[in-house]
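Undergrad: A structural model of the following input is requested.
(chains A and B)
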Amino acid sequence: MKYYGILLIAILVLLGACDIKSPVKPKWDVELAIPLINEKYYVSDLVDSVNILADDNNVLYLTSNGAVSTPTFGVIPFTPPPNASAEDVPVYKVNNIPPLSMPFEDHAGKVQFSYAKIATGALKTKFTSLVAGSSVTLTFANLYNADNSPFVIHATHTTSLVTWDLAGCHFGVSGSSAPFTALNFSVVAESPAAANTHIGDLSLLANEPMGFEEIQGKIIDFTLGLQDNIASIDIDYPQDLNQSVTLESASIIIEVNNQVGFGAVFSGQFYALNEAGEEITVPIKDDQGQDFQAIPGLNSFVVSESISDLLSIMPTHIEIRNGLFTINTGAQTGSVSAADYIDLSYIINAPFIFTLHANDIVVQKEVAIAISSVNAERVKKNALGATLKIYALNKLPVGATATAYFSSTPNIDVNDSTSYDYTKVATIQSSEVIAGEQPPVEITLTESEIKLFGNTHVYLRWKFSFFDSGHPITIHGSTADYIQIKSMLYTKIAVDGL
Amino acid sequence: MKKLILLSLTMVIVFSSLAAIKTGKSIFYADSYMLRARGVEAAYWNPANLMAGKYYDLWVPGVNTGIFVNNNALDLDTYNYVMSQERLNDDDKQLILGKMDGSLRGSMRGNTSIFGYAFENMSISSSLTVAGKMSVSKDYLDLLLNGNTEAEYIFDTATNDLAALSFVDITFGMGGINIPYLPDKIPPIRFGFSASALAGVGNAEIEEYSGILRSSIDSGLYLSQDLTIRTAIGGTGFKGMIGFASNPLPGLEVGLTLDNIFGTIKWNMITENRNYSFEADSIYVANINEDFYTQTKSTEDIASYSTKLPAELRLGALWTYGIYSFSTDYVQGFKNSMVTSNIGRFSLATQVAPISWLPFSIGFSTGDSQNPWSASYGISFRSETGEIGLAVQSFETLIPNYKTKGISFGSFLRINY
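TA: Residues are numbered from 1 along each chain as shown, chains lettered A, B, ... in the order given. Down below sits the predicted model:
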């Protein structure tokens, strides 16, 4: 009984003696390995089919274009020779008056035509001392009405000059190759007077300036200037890239649509201006230093050699100045009408072949990261730290150091340390330095740093510091040209209770 | 003690077949109870011992109850340590994980009387049994405590499981039947049998489960979970038991039972498969959008099905000497199930009654690969009109203490008249 009681008491004491802690939510930390990103950023994605294209060799190039045209050719001035006139010529009644002519070539020496449609111009006639009952008719052999009928003047007695408007009439026959050198006409006189009687005096003046709406023939030293302030190209380099690179080559393709029926010589200059205010002007010449010849129809001129100086300043603005088409047909004949003009478009192509300079590029666009209030609170409460492990495979011959500026307030100024909370730096070497996968970059965020993401908005601005390439590099845009970024986030999270 | 009960209930939730509770009083003897059971209880332990005695036996609802919870890893000491830490460090996590053998497993089982009446060599009784088990892979807990690495985690039902079963039995037993025509040299052998009509209350079990977690910088995060849980409410079934007992020597009794004969519960009222599927592939934080995963949930009616109760063999011996009695049982299930184990287990018990009205008992049960060993203690008060007792059983410690990995409680009340 004694032992039994002792045993019983002992069991009860042991049971009752167990000290059991009050249950509380246990706390601990866990480390999570979270895949963050695995992306290939292809250079070809830069191709927007508008300003950045890829050529047949997959070399990217920057392209921009402009267009300009001449004014319309307008009415072609023609100055008859001063002796294209006959005054007070006596007319007799005879049966066959021999045909008459007067010289009719451009006194200014700029136009030689075989056919000319008259826009403005006139003949003047005067018949005096006309015997009563008499009439005189002038019939022009190479001046026609609009309906191709010979231009005819019936004389009546006048005491002053009569003007005969020639608008719509034309000299010569369209398609004829015979130069128009003289105005030919015949005189027919009818009168009741006896034969060989002087029946009156005739004056014919064709020496006043005219304007032709259309001519066929030749033009000498006729110029058409480009309209000003239209032919400009503004280049917007992404992320101020012009500060960090010097393009090695470029070409400008000038497309000329010459609607004038004559060949023309184009002359002018490219004027360029960069962000720093530097200016440069280079003549527009072919690679042999000659002016471009624009034949009637479509022409394509390629300018490459002469614009290397232009590229040296990484221009942001290019325009054609003093553009001029000079028409000098020489032995060739052609045609032109008043509505004809020459238009010109030009495309600047700058391949991504450049020398990269050590320079900082601050990405202008600030990234605003919105974090839900719930997640922000979780980060604030639970996040203890994180390490970002970045694996990069850079297939591009461009290396850079990327610096990320983090802030809880917008408008980060990378030069003002009070405008951001902290920075993180990662370096990606050029493919010329490391061809394969690069050593991982570890970016560590301390507890205080990661708790920046406990705000509902976090702002990020990137700065890229490119490494000096030292030599021209070419950026291709094939499927083998990319930067692959793989990243794993190792984050430490506080677990405060289940 | 109250705190200990609460702790035990929260420690784990698994049912195992170890220490299967047929009646509450078996906890007094750490399951070495086959030849000790008398009256109504004999119908559950060895109906051969349903014999006409001096009194009739009566069960009162709820009083004969046994319940246990246990687990394979965590003890009170660990619990107190965890609760006392401001924040668990790496050593603490290692301490917890180091206690697990592939998984954290737990079980719970309870049995309580509804009614029972034994008279002459027969009994009629009813009881409610609930059982459940759960196991969680150590890898899951490792993920929970330490987080993940760039490795692949594969989960299946080998280390992750969940099941629950509840049924009510109405048992008729008859025993004390001497086997006739035995040779004279063979001592008399008693025979008994019991038959239980089973009313299935509910059943839930994982039908299919697979899970994969993979985190890779090259292929992203991959998550996959496919789970099918089969559930049922309402069923009917049967199980039978036969038992033999004999007294070959004075004070020595031996016995044998075969339980769960034709044991099955057919769930035929509400039977469903609950399917849950989740998949997310190639996930990178930078690319997450609203549709980064696919998730489906569905419930489908299924045909009725049966829960088998595998047969279980039990051998036992009981030696009584004066105020002492010693017993040993060996139980061997033929299959693993919610109520049986195919791993054999021994149990030993002794009861001492230096004072005839105040016996106490001590029991010991061996563990197996899935369940820890246990020791039990019980005390009761008995009189001419009945007996009442309480018992406690401690897992993996001799007495309930800070190293206990589970605990059982048993109570019983027997009314004799």
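Undergrad: what about residue A:378, which SS state?
TA: helix (DSSP: H, G, I helix; E, B strand; the rest coil).
Undergrad: confidence score at it?
TA: Looking at residue A:378, its pLDDT is 82.
Undergrad: residue B:5 too?
TA: Confidence score, pLDDT, at residue B:5: 34.
Undergrad: helix or strand next in line after the lowest-mean-pLDDT helix or strand in chain B, which one?
TA: Least confident helix or strand, chain B: helix B:2-11 with a mean of 36, by mean pLDDT, DSSP states H and E. Counting by DSSP states H and E, the next helix or strand C-terminal to helix B:2-11 is helix B:42-45.
Undergrad: gap between that next one and the chain center?
TA: Chain-centre distance of helix B:42-45: 17 Å, with CA atoms, centre = their mean, to the nearest Å.
Undergrad: list the residues that contact residue 44.
TA: Since no chain was named, I'll use chain A. By CB atoms under 8 Å, 6 or more residues apart in numbering or on different chains, the contact set of residue A:44 is A:54, A:58, A:477, A:478, A:479, A:481. (C-beta placed from N, C-alpha, C; glycine too.)
Undergrad: correction: the question concerned chain B.
TA: Contact analysis of residue B:44 by CB under 8 Å, 6+ apart lists B:22, B:23, B:37, B:125, B:127, B:171, B:173, B:194, B:241.
Undergrad: partner strands of the helix or strand hosting the fifth one, parallel or antiparallel?
TA: Translated: residue B:127. Secondary structure from DSSP H and E places residue B:127 in strand B:122-137. If you go by DSSP bridges, strand B:122-137 pairs up with strand B:103-119 (antiparallel), strand B:161-178 (antiparallel).
Undergrad: mind checking if the helix or strand just after the longest one is in reach of chain A?
TA: Helices and strands here follow DSSP H and E; after strand B:161-178, the next one along the chain is strand B:189-216. Yes: residues of strand B:189-216 are located near chain A by CB under 8 Å from any CB of the partner chain, namely B:215, B:216.
Undergrad: and strand B:189-216 with strand B:161-178, angle?
TA: Strand B:189-216 and strand B:161-178 are oriented at 170 degrees to each other (axes from the mean of the first three to the mean of the last three CA atoms, to 10 degrees).
Undergrad: circling back: tell me which of the contacts of residue A:44 fall in strands.
TA: Using DSSP state E, the members of these that fall within strands are residue A:54.
Undergrad: and residue 67, how many neighbours?
TA: No chain was given, so I picked chain A. As a burial measure, residue A:67 scores 12 neighbours (other CB atoms under 10 Å in any protein chain shown).
Undergrad: my question was about chain B, not that one.
TA: Close neighbours of residue B:67, defined as other CB under 10 Å, add up to 21.
Undergrad: that one: which element?
TA: strand B:65-71.
Undergrad: ok so, going back, quick one: the strands paired with strand B:122-137 as a markdown table, columns for mean neighbour count and mean pLDDT too.
TA: Converted to a markdown table, the strands paired with strand B:122-137 look like this (neighbours: other CB atoms under 10 Å in any protein chain shown; pLDDT from 0 to 100):
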| stretch | mean neighbour count | mean pLDDT |
| --- | --- | --- |
| strand B:103-119 | 22 | 88 |
| strand B:161-178 | 20 | 94 |
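Undergrad: just how off-centre is stretch A:167-187 within its chain?
TA: With CA atoms, centre = their mean, you get 45 Å for stretch A:167-187.
Undergrad: that one: end-to-end distance?
TA: 23 Å (CA to CA, to the nearest Å).
Undergrad: and the contacts of stretch A:451-465?
TA: Outside stretch A:451-465, the residues that reach it (CB under 8 Å, 6+ apart) are A:239, A:358-363, A:366-373, A:376-377, A:379-381, A:383, A:400-412, A:414, A:420-422.
Undergrad: show me how to select, in ChimeraX, the buried members of those.
TA: Selecting the buried subset of the contacts of stretch A:451-465 in ChimeraX, with 16 or more other CB atoms under 10 Å in any protein chain shown as the burial test, is done by:
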select /A:360,361,362,363,371,376,379,383,400,402,403,404,405,406,407,412,414,420,421
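Undergrad: quick one, phi psi at residue A:467?
TA: Phi and psi for residue A:467, reported as degrees, to the nearest 10, are phi -90, psi 140.
Undergrad: what's the answer for residue A:373, then?
TA: When read as degrees, to the nearest 10, the backbone of residue A:373 gives phi -60, psi -30.
Undergrad: the stretch 351-498 of chain A: strands as residue ranges?
TA: In the stretch 351-498 of chain A, the strands defined using DSSP state E, counting those that start in this stretch lie at A:353-356, A:359-362, A:367-370, A:383-394, A:400-407, A:422-428, A:441-445, A:457-466, A:472-474, A:482-496.
Undergrad: need the ones you listed in CSV (columns: mean pLDDT).
TA: Output for the strands of the stretch 351-498 of chain A, formatted as CSV (pLDDT from 0 to 100):
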stretch, mean pLDDT
strand A:353-356, 84
strand A:359-362, 83
strand A:367-370, 82
strand A:383-394, 88
strand A:400-407, 90
strand A:422-428, 91
strand A:441-445, 89
strand A:457-466, 87
strand A:472-474, 88
strand A:482-496, 86
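Undergrad: neighbours of residue B:130, how many?
TA: Neighbours of residue B:130 using other CB under 10 Å come to 19.
Undergrad: in terms of pLDDT, where does residue B:151 sit?
TA: pLDDT, residue B:151: 87.
Undergrad: which residues are in contact with it?
TA: With CB under 8 Å, 6+ apart, residue B:151 has these contacts: B:214, B:215.
Undergrad: stretch B:256-271: which residues count as buried?
TA: Neighbour counts using 16+ other CB under 10 Å place B:256-261, B:263-268, B:271 of stretch B:256-271 among the buried residues.
Undergrad: the stretch 201-350 of chain B against chain A: which residues are in contact?
TA: By CB under 8 Å from any CB, the part of the stretch 201-350 of chain B that sits against chain A consists of B:215, B:216, B:217, B:218, B:220, B:221, B:283, B:284, B:285, B:286, B:287.
Undergrad: run through the bridge partners of residue 205.
TA: Just so you know, I chose chain A. Taking DSSP bridges as the rule, residue A:205 bridges to residue A:85, residue A:124.
Undergrad: actually, chain B is the one I wanted.
TA: residue B:163, residue B:230.
Undergrad: same question, the one 5 residues further on
TA: Applying DSSP bridges to residue B:210 yields these beta-bridge partners: residue B:156, residue B:226.
Undergrad: so what's the predicted local confidence for it?
TA: 95.
Undergrad: just residue B:307 next, same as before
TA: 92.
Undergrad: got it, and residue A:228?
TA: Looking at residue A:228, its pLDDT reads 61.
Undergrad: buried residues in stretch A:120-139?
TA: For stretch A:120-139, using 16+ other CB under 10 Å, the buried residues are A:120-121, A:123-127, A:130-131, A:134-136, A:138-139.
Undergrad: of those residues, closest to chain B?
TA: Nearest to chain B among those: residue A:120, at 73.0 Å, using CB to the nearest CB.
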